[in-house]
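K.L.:
What follows is a protein structure lacking sequence information:
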């Protein structure tokens, strides 16, 4: 099973971006989404931004992830 997660682009250098989720930053390739801009949300899978997301859709998905995490912590 594969999982892609929404992350926000903090900076771009060529085809590499620094992205952030939950205060954690990572480098990712924009090879598949060269039109992405700083501030955009992208779906991150295996080190690649595979698509650009609408901000509302990304934030709703992140809220669901946070809710699932909270449920698991309370078990």
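P.N.:
Received, thanks. Bear in mind the structure is a predicted one, so any value in this text is a computation, not a measurement.

K.L.:
Strands along the protein, start to end?
P.N.:
5-13, 16-21, 24-29, 41-45, 48-53 (DSSP state E).

K.L.:
Show the average pLDDT along the last one.
P.N.:
Here the mean pLDDT over strand 48-53 is 96, rounded to a whole number.

K.L.:
Buried residues, it. List them.
P.N.:
Of the residues in strand 48-53, those buried by neighbour count under the rule 16 or more other Cβ atoms under 10 Å are 48, 49, 52, 53. Using the backbone N, CA and C atoms, a C-beta is placed for each residue, glycine as well.

K.L.:
repeat for the longest one
P.N.:
Taking 16+ other Cβ under 10 Å as the neighbour-count basis, strand 5-13 is seen to contain the buried residues 6, 7, 8, 9, 12.

K.L.:
wait, residue 17 sits on residue 11?
P.N.:
Yes - look at residue 17 against residue 11 with Cβ atoms under 8 Å: they come within range, at 6.7 Å.

K.L.:
so what's residue 28 bridging to?
P.N.:
residue 17 (DSSP bridges).

K.L.:
right, and it touches residue 19 too?
P.N.:
Yes - between residue 28 and residue 19 there is a contact at 5.1 Å, judged by Cβ under 8 Å.

K.L.:
Show me whatever sits in contact with both of the two.
P.N.:
7, 42, 44, 49 (Cβ atoms under 8 Å, 6 or more residues apart in numbering).

K.L.:
Pipe those residues into TSV and attach distance to residue 65 per row.
P.N.:
Converted to TSV, those look like this (distance: Cβ to Cβ, whole Å):
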residue	distance to residue 65
7	11
42	15
44	13
49	18
